[in-house]
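Enquirer: quick one: sequence plus predicted model below, questions after.
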Amino acid sequence: MARPFYLAIEGVIGVGKTALARLLQPRFQADLLLEVFEENPFLSDFYADRQRYAFQTQIFFLLSRYRQQQEIRVREQPLIADYTFAKDRLFAHLNLTGDELATYERLHQALAEKVVWPDLVVYLQASLDVLMARIATRDRPYERGIDPGYIESLRQAYERHFANYAATSLLVINTDNLDFVRNPQDLAYIEGQIRTALASAEVQAHIGRRTVGAEESPPVSLRSPVEEFLALTQAIGALGAALAADPTGRSSDSRRALSASREYLRRIEVSLDVRR
């Protein structure tokens with residue numbers, strides 16, 4: 001990790017992305033890139049009337065996030081962000097329909113081509129009850145009275161998005177039983193997970209390509225077939241544990257483990273094809 005990395009933290013509203021980014025900054029001696037959401041003049045109106053103000057709110061966020069992303073280039077310091085550019089599209093598909101969604105999609109596609117990919121994305125999971133409790137604790141005026149149904153639909157959208165995510169390296173951390181703001185041990189646990197992920201061959205290979213000025217693209221795994229197989233066995237072990245807890249296979253843990261197993265199988269095939 002001698003070279004500067006770009007780490008992005010993701011998750012649903014209230015999960016603690018910004019708090020974690022701020023806590024990790026001194027530990028990694030990193031710069032911060034924090035989402036600017038309070039400057040959106042439509043946000044309060046959006047929470048009061050989502051259908052009426054969705055398009056204005058979404059376009060403002062898209063352009064604001066794109067402007068911020070232009071600050072991300074080869075850097076002398078590591079960078080930790082509390083969002084990814086891709087998240088904007090998740091919100092758009094929840095809030096927009098018809099011509100408004102089509103207009104948004106055209107604009108998002110044009111802008112996304114000029115955005116730098118993170119070296120690692122950390123997805124913070126949490127249940128609906130935990131999210132609502134954390135939202136209530138921070139007590140932002142425009143979030144008071146926020147519809148739990150909207151947060152649940154957003155939570156499910158994030159789960160679907162990351163279930164088959166392969167654009168960059170991904171670290172998933174369930175935070176239901178973690179309090180990294182008040183408990184130093186929980187923070188140290190998350191830091192350790194991130195350091196391990198950043199040290200992996202796949203992330204280091206992507207950092208190296210970006211450092212020398214190569215064109216940005218989602219990283220292709222450079223690990224050996226044996227390394228991918230070991231990762232596959234871990235994913236299958238997680239699947240077995242999830243099925244033992246819920247034999248129906250309908251739990252989110254089962255779906256994530258099954259998706260991960262499929263992804264590692266795909267990577268083994270890719271790795272073998274590259275070596276032929």
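Expert: Received the coordinates, thanks. Numbers count the residues shown, from 1 in each chain.
Enquirer: so how many other residues sit close to the nearest residue to residue 17 once chain neighbours are set aside?
Expert: Nearest residue to residue 17, sequence neighbours excluded (CB to CB, 6 or more residues apart in numbering): residue 82, at 4.2 Å. Bear in mind the C-beta positions are built from the backbone N, C-alpha and C, glycine included. If you count neighbours by other CB atoms under 10 Å, residue 82 ends up with 19.
Enquirer: so who does residue 82 touch?
Expert: 8-9, 17-18, 20-21, 32-35 (CB atoms under 8 Å, 6 or more residues apart in numbering).
Enquirer: just send these back as a markdown table, with neighbour count and secondary structure too.
Expert: Converted to a markdown table, the contacts of residue 82 look like this (neighbours: other CB atoms under 10 Å; DSSP: H, G, I helix; E, B strand; the rest coil):
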| residue | neighbour count | secondary structure |
| --- | --- | --- |
| 8 | 25 | strand |
| 9 | 27 | strand |
| 17 | 23 | helix |
| 18 | 17 | helix |
| 20 | 25 | helix |
| 21 | 22 | helix |
| 32 | 13 | strand |
| 33 | 19 | strand |
| 34 | 14 | coil |
| 35 | 18 | coil |
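Enquirer: among the residues you listed, show me the least confident.
Expert: Lowest in pLDDT among these is residue 35, which has 87.
Enquirer: that residue contacts residue 65, doesn't it?
Expert: Yes - taking contacts as CB atoms under 8 Å, residue 35 lies within contact range of residue 65: 7.0 Å.
Enquirer: joint contacts of these two?
Expert: residue 83.
Enquirer: what about the helices in the stretch 1-150 of the chain?
Expert: Along the stretch 1-150 of the chain, the segments classed as helices by DSSP state H, counting those that start in this stretch run 17-28, 43-48, 50-69, 87-95, 98-112, 128-138, 148-163.
Enquirer: what helix or strand is the nearest residue to residue 251 once chain neighbours are set aside on?
Expert: The shortest distance from residue 251 to any non-neighbouring residue, by CB to CB, 6+ apart, is to residue 242 (5.9 Å). Assigned by DSSP states H and E, residue 242 belongs to helix 225-245.
Enquirer: pLDDT of that helix, averaged?
Expert: 71.
Enquirer: which of the three states applies to residue 247?
Expert: Look at residue 247: counting by DSSP: H, G, I helix; E, B strand; the rest coil, its state is coil.
Enquirer: burial count for it?
Expert: 10.
Enquirer: can you list the domain ranges for the protein.
Expert: What automatic domain parsing lists as the domains of the chain is 6-216, 220-276.
Enquirer: got a pLDDT number for residue 275?
Expert: On pLDDT, residue 275 comes in at 50.
Enquirer: also residue 69?
Expert: At residue 69, pLDDT is 86.
Enquirer: measure the closest residue to it other than its chain neighbours to residue 254 for me?
Expert: Distance criterion CB to CB, 6+ apart; nearest residue to residue 69, sequence neighbours excluded, is residue 115 at 4.9 Å. Residue 115 sits 33 Å away from residue 254 when distances are taken as CB to CB, to the nearest Å.
Enquirer: between the two, which has more neighbouring residues?
Expert: Taking neighbours as other CB under 10 Å, residue 115 and residue 254 compare with residue 254 leading, 20 against 16.
Enquirer: quick check: the gap between that one and residue 124.
Expert: Note on residue 254: its distance to residue 124, by CB to CB, is 20 Å.
Enquirer: do the same with residue 150
Expert: For residue 150, the distance to residue 124 equals 19 Å [CB to CB].
Enquirer: who has more neighbours, these two?
Expert: residue 124 (21 against 14).
Enquirer: low-confidence ranges, the chain, go.
Expert: Judged against pLDDT under 70, the low-scoring parts of the chain cover residues 1-3, 37-38, 73-75, 210-231, 234-235, 270-276.
Enquirer: in the lengthiest helix in it, what counts as buried?
Expert: Determined from DSSP state H, the single longest helix within the chain is helix 252-274. The neighbour-count check on helix 252-274 (16 or more other CB atoms under 10 Å) flags 252-261, 263-264, 267-268, 271 as buried.
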